[in-house]
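Visitor: Pasting the sequence and the predicted model now:
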There are 4 protein chains.
Amino acid sequence: MKQDASDAFPSNWGRWGADDELGTLNLITDEVRARAAAEARTGRWVPLAMPTQPASMLGGPFAPPAPASPPVQQALLYTGTPPMGMAELLILNPHHPGLTHLDALAHMPVGGLVYPGRPLTEAVTPGGVVHGSTTAFADGVVTRGILLDLAPGSRLPSAHPITAADLDAAEARSGVHVEPGDALVVRSGWTFSWDGGTPAPGMTVDAVTWMRRHDVSLYAGDISDTFPPMDPQVPMPLHMIGLTQLGMPLIDGVQVEELAAVCAELGRYAFLLTVAPPRLRGATGVPVNPLAIF
Amino acid sequence: MKQDASDAFPSNWGRWGADDELGTLNLITDEVRARAAAEARTGRWVPLAMPTQPASMLGGPFAPPAPASPPVQQALLYTGTPPMGMAELLILNPHHPGLTHLDALAHMPVGGLVYPGRPLTEAVTPGGVVHGSTTAFADGVVTRGILLDLAPGSRLPSAHPITAADLDAAEARSGVHVEPGDALVVRSGWTFSWDGGTPAPGMTVDAVTWMRRHDVSLYAGDISDTFPPMDPQVPMPLHMIGLTQLGMPLIDGVQVEELAAVCAELGRYAFLLTVAPPRLRGATGVPVNPLAIF
Amino acid sequence: MKQDASDAFPSNWGRWGADDELGTLNLITDEVRARAAAEARTGRWVPLAMPTQPASMLGGPFAPPAPASPPVQQALLYTGTPPMGMAELLILNPHHPGLTHLDALAHMPVGGLVYPGRPLTEAVTPGGVVHGSTTAFADGVVTRGILLDLAPGSRLPSAHPITAADLDAAEARSGVHVEPGDALVVRSGWTFSWDGGTPAPGMTVDAVTWMRRHDVSLYAGDISDTFPPMDPQVPMPLHMIGLTQLGMPLIDGVQVEELAAVCAELGRYAFLLTVAPPRLRGATGVPVNPLAIF
Amino acid sequence: MKQDASDAFPSNWGRWGADDELGTLNLITDEVRARAAAEARTGRWVPLAMPTQPASMLGGPFAPPAPASPPVQQALLYTGTPPMGMAELLILNPHHPGLTHLDALAHMPVGGLVYPGRPLTEAVTPGGVVHGSTTAFADGVVTRGILLDLAPGSRLPSAHPITAADLDAAEARSGVHVEPGDALVVRSGWTFSWDGGTPAPGMTVDAVTWMRRHDVSLYAGDISDTFPPMDPQVPMPLHMIGLTQLGMPLIDGVQVEELAAVCAELGRYAFLLTVAPPRLRGATGVPVNPLAIF
């Protein structure tokens, strides 16, 4: 992304001050929360994280086969003979495409800067992330979520560039208006992945501009930016503009097939959305299982 | 715990079949969930996990001082010069007292058996946990939570043995009846810890029997079992009977001061409780940030 | 291995006292060392470890493909922009067949006991290995090594049970006598592995008894015990008798093709052998690159 | 270090070609090796690594106290009940001052370049180190070592700037001439550390120039560069000039008290030096236990 062109892109830099770390979570007001709570009626819920099976670190002939480059590894611990209790170490790679996770605002520097215009070198020191980390999301997020199903009962074409028109059409189908502070849950019918030979659809600058216009507070989708990039000028619109310019936290790799089925069954595309990762400070990403509660 | 005496203790072994992995989560029916959803009115919420700062793994003169035996460690990753994105590895010790976490049912073998009476050697193999793991909780939990504040505005005496009478008194103060399927959030005024010289209060068999009588679905508290144990016969009543005999998942190390303040302010001790750890299968424990939503 | 039959097997339990941790390294006297030093004449040397490429822990689209279940993983660390220095974390699985390593004496309990007859529960506590660990080898080992090439220019048949007769024949071919305190380097022509469909050759009780008779101080080979085992009575003779009964440290997974070629070229099958793993205390295994110096 | 001033500093860039990765190890010829082998007479040896006790990763009330920021961590693994074998994971921070280690040539970029003038971005990619890694040292090093004891029976003053004159004096005391291809083992009487309040002595540009003049092949010392730096122009002469300009591998943190005592006892300051880290490719540092063999 050419830095001198960035003025043309939507941005929230400065909107909530030079020290802000909450980004678009600032949009979740008491009114938004009350609107969210009103959606919780029966307590039926759908988890949006994909299940992840940790790979055993045992190795050797008695260990189960482990996949290459797993997102999570597990080392079961010796606690005596007989064991006092069963315990383990877990080694996580939070930004791995096989693990549903929240991106913190400092995850993606653009031109050496992170939201809201702070030099990367100030935000992230060798010893830790001091600005724009998961600390800002450690309390969790409670807001209204809206499912935008871009391809009901089907899936978008490969490498489809998702535009504002796609989002408008899905919003119209949902029967709900996306209002400031709402979280967007997007279904394309694809599985989040970086290594497939078939390029997934991805968000365009036009789509991210739509999100800014609607003041979306948080994005969760079964697709994100395309890899390889569609647009060499802005190779990763959702990360470079959505995350870094708007300060809009992203949840990569949600699984929304069950949610889409439940929304269709109930005829309801809005729900109470909770996002409560482990309360870890100072990370650039953290695994999370968002819940859609009806 | 003498195995031949265990018939005298409450147990749910067999109640939901010999292969059950959900334990007391079976008690959370549609009716319970609807009762829970009815508590979400304003969307105001309180996170129940304690904040955890990962320790830097950088080492050397440029790294910040790190604590001994940290629950979570972080290794910020090199992604090029300049960096393509900021990322890290996280190494977690889920059962560490400095990390709010959910205990899976296979965590605590008693006499070589785990819930509901399965040999440990069948449930936990060197290559992984195949019965009683976090898989059972990977969808998350949505139910009604009740705060039982055992020492409003104060804290229990050191090493106080918590009995059914203590729980009855707190329930009466709360103005709510604990009904089958509800989750219990317990406040003693102590900070969860294993290394303090001053022994914390802890649950007795009598208290755990109370939980069975009320068919509590999940326990979360700022105290748990005492260490060192109070009763050599049953050194860890909550873990050995609550977790293993009842199949009642435990959340160790919740932080409830803010919750107690909000409950007192609102005059409401019931809330929608969500428990949504990372959706990891096959672990014996997993960090979690439960949310109390009003 | 039936415990009551073990009296029939060779053993060094008690030979150097009840607290001994050096095992057959006790056999390396000043005289043995002088014999070893005399073999170092030209300074030409051959490394005996197999090369191991750590697997990148980066993950994602920019990371190189990583193998499943790697013996060593590497996380390159962020040290600033620009980086102050390049550094990493290394995560090792010392007993992995893809990593040449030294087995400490407490690695293999037999009937609940480790060398020299100590209960496993005393030797290995949940917090660490307090008897029979790598501490005993932390100074390194300097002795004379002898290559026994069991199949010069070829390889042994699959699943061949190696006996004393095989070792005698190789010793005769080498032109050197194996004397007390010497280390044995064994070539079968196979690559150390546990996952091959084709079973490798392996040591029999007869061969291990030969090692005891010759008072071998250390074993390093391109084969070890067979997997699956050949003899259900003693499934792992080298580990169960050699390591545990004799207290003879084992180096698993050496690579000896180059050594065999050099020995043949020089017509010399004896050399100065150095074994100098990282000086780590308290482990059950540690990676090592033994050097054969001529 | 001002890049435009670097022409004034000694350098081996280009001496062995633009693709060289061996650096001063190129100086170890057959003649040097024969000179080294001639020093091995009795087989008596001294290990030069400091002992390192891995910190337990167990955590909780049953784990031993662990130090902050340990160089090596150990997770003992569950291998069944009863255990099939004792094993562990080891997590290493190779450049930690508490772990004797070898620095690979790409460890220290100066002005964006590593030995022999290659851009860091080419040498170290996010996925791994492709030039100047430990691969070059994976075979091990066998050469003659010379102990230069800078303060026999005592220690240098704090923050003493070590010059060529210091090295000359120690060489004269040793009775040996440092010849091309020899390794230097330096004793100052200090313990390698980065966190002490009392600054250790450290090498000056003058001393490193001496090493270039004598064509030293490898440096191992109980001191290195000072921290904080003595000379703001060249804050780390041994790393920035020795490692990066000369391509001279460094072993940080050797322990030489026992060596100094043995040298004094024998009246011999030259020995066969073996350096055989685990045969890991692609790392920037690796733990090692060098052996001095007499």
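Guide: Done, it's in.
Visitor: could you list every residue that touches A:Leu113?
Guide: The contact partners of A:Leu113, by CB atoms under 8 Å, 6 or more residues apart in numbering or on different chains, come to A:119-120, A:244. All C-beta atoms are positioned from the backbone trio N, CA, C, and that covers glycine.
Visitor: and chain A, what are its domains?
Guide: Domain segmentation of chain A under automatic domain parsing yields A:23-50+A:103-293, A:51-99.
Visitor: Just list the residues touching A:His160, thanks.
Guide: A:188, A:201-202.
Visitor: Show me what from the stretch 1-150 of chain A comes close to chain D.
Guide: Within reach of chain D by CB under 8 Å from any CB of the partner chain, the stretch 1-150 of chain A has these residues: A:57-58, A:60, A:62, A:75-84, A:86-87, A:89.
Visitor: Pass me the low-pLDDT residue ranges in the stretch 1-150 of chain A, would you?
Guide: Along the stretch 1-150 of chain A, the model assigns pLDDT under 70 to residues A:1-7, A:61-62.
Visitor: how about the helices of the stretch 101-250 of chain A, start to end?
Guide: A:120-123, A:164-174, A:205-213, A:237 (DSSP state H, counting those that start in this stretch).
Visitor: looking at those, which is buried most?
Guide: Stretch with highest mean neighbour count among those: helix A:237 (a mean of 29; mean count of other CB atoms under 10 Å in any protein chain shown).
Visitor: and it with chain B, contact?
Guide: No. Using CB under 8 Å from any CB, helix A:237 stays clear of chain B, with a minimum separation of 14.7 Å.
Visitor: Which residues does that helix contact?
Guide: A:202-205, A:207-208, A:225, A:231.
Visitor: now with 10 Å?
Guide: The contact list for helix A:237 (CB atoms under 10 Å, 6 or more residues apart in numbering or on different chains) reads A:1, A:9, A:161-162, A:202-209, A:224-226, A:229-231, A:243, A:245.
Visitor: following that helix, which helix or strand comes up?
Guide: Note on helix A:237: by DSSP states H and E, the next helix or strand toward the C-terminus is strand A:250-252.
Visitor: Let me see the mean pLDDT of that following strand.
Guide: Averaging the model's pLDDT scores along strand A:250-252 yields 97.
Visitor: what's near enough to touch the closest residue to A:Leu120 other than its chain neighbours?
Guide: In this structure, A:Leu120 finds its nearest non-sequential neighbour in A:Pro109, 4.2 Å apart by CB to CB, 6 or more residues apart in numbering or on different chains. Residues in contact with A:Pro109 (CB under 10 Å, 6+ apart) are A:115, A:118-121, A:123-124, A:132, A:240, A:244, B:82-86, C:81.
Visitor: For ChimeraX, write the select line for the buried members of those.
Guide: Of the contacts of A:Pro109, the buried ones can be selected in ChimeraX as follows, counting by 16 or more other CB atoms under 10 Å in any protein chain shown:
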select /A:115,118,120,123,124,132,240,244 /B:83,85,86 /C:81
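Visitor: Closest to A:Arg173 out of the contacts of A:Pro109?
Guide: Closest approach between the contacts of A:Pro109 and A:Arg173, by CB to CB: A:Met240, at 28.6 Å.
Visitor: wait, the closest one sits on A:Asp103?
Guide: No. Using CB atoms under 10 Å, A:Met240 is not in contact with A:Asp103, being 11.8 Å away.
Visitor: Please give me every residue in contact with A:Met230.
Guide: Applying CB under 10 Å, 6+ apart to A:Met230 gives the contacts A:159-162, A:199, A:201-204, A:236-237.
Visitor: now do 8 Å
Guide: Applying CB under 8 Å, 6+ apart, we find A:Met230 in contact with A:159, A:161, A:202, A:204.
Visitor: filter these down to the ones near chain C?
Guide: With CB under 8 Å from any CB as the criterion, those include none near chain C.
Visitor: Any quick PyMOL command for the buried ones out of the residues you listed?
Guide: A single PyMOL command suffices to select whichever of these are buried according to 16+ other CB under 10 Å:
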select buried, chain A and resi 161+202+204
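Visitor: what about the nearest residue to A:Gly267 once chain neighbours are set aside, how many residues close to it?
Guide: Using CB to CB, 6+ apart and skipping residues adjacent in sequence, the residue nearest A:Gly267 is A:Gly175, 7.8 Å away. The tally of other residues near A:Gly175 (other CB atoms under 10 Å in any protein chain shown) stands at 10.
Visitor: surely A:Gly175 meets A:Leu266?
Guide: No. Using CB atoms under 8 Å, A:Gly175 makes no contact with A:Leu266, being 11.4 Å away.
Visitor: And the strands in the stretch 101-250 of chain A?
Guide: Remark: strands assigned in the stretch 101-250 of chain A by DSSP state E, counting those that start in this stretch are A:101-103, A:113-114, A:118-119, A:124-125, A:128-129, A:141-149, A:161-162, A:183-187, A:202-203, A:218-221, A:250-252.
Visitor: Are the last one and chain B in contact anywhere?
Guide: No. If you take CB under 8 Å from any CB as the test, strand A:250-252 misses chain B, and the best it gets is 11.6 Å.
Visitor: re earlier: if we take the contacts of A:Met230, which one ends up nearest to chain B?
Guide: A:Gly202 (16.3 Å; CB to the nearest CB).
Visitor: need the domains of chain A in a markdown table with distance to D:Asp166, can you?
Guide: Shown next, in a markdown table, are the domains of chain A (distance: least, CB to CB, whole Å):
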| stretch | distance to D:Asp166 |
| --- | --- |
| domain A:23-50+A:103-293 | 33 |
| domain A:51-99 | 46 |
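Visitor: Not counting sequence-adjacent ones, nearest residue to the closest residue to chain D within the stretch 101-250 of chain A?
Guide: Evaluated by CB to the nearest CB, the stretch 101-250 of chain A has A:Gly127 as its residue closest to chain D, separated by 10.9 Å. Nearest residue to A:Gly127, sequence neighbours excluded (CB to CB, 6+ apart): B:Pro64, at 4.0 Å.
Visitor: Next up, the contacts around that neighbour.
Guide: Contacts for B:Pro64 (CB under 8 Å, 6+ apart) come out as A:127-128, B:56.
Visitor: With A:Arg173 instead?
Guide: A:Arg173 neighbours (CB under 8 Å, 6+ apart): A:149, A:152.
Visitor: Kindly report the same for A:Ala220.
Guide: The contact partners of A:Ala220, by CB under 8 Å, 6+ apart, come to A:48, A:145, A:183-186, A:250-251, A:254, A:290.
Visitor: before we move on, what about A:Ser158?
Guide: Per CB under 8 Å, 6+ apart, neighbours of A:Ser158: A:198-201.
Visitor: at 7 Å what do you get?
Guide: Residues near A:Ser158 by CB atoms under 7 Å, 6 or more residues apart in numbering or on different chains: A:198-199.
Visitor: Tell me the confidence at the closest residue to A:Pro180 other than its chain neighbours?
Guide: Spatial nearest neighbour of A:Pro180, excluding adjacent residues (CB to CB, 6+ apart): A:Asp215 at 3.7 Å. Per-residue pLDDT puts A:Asp215 at 98.
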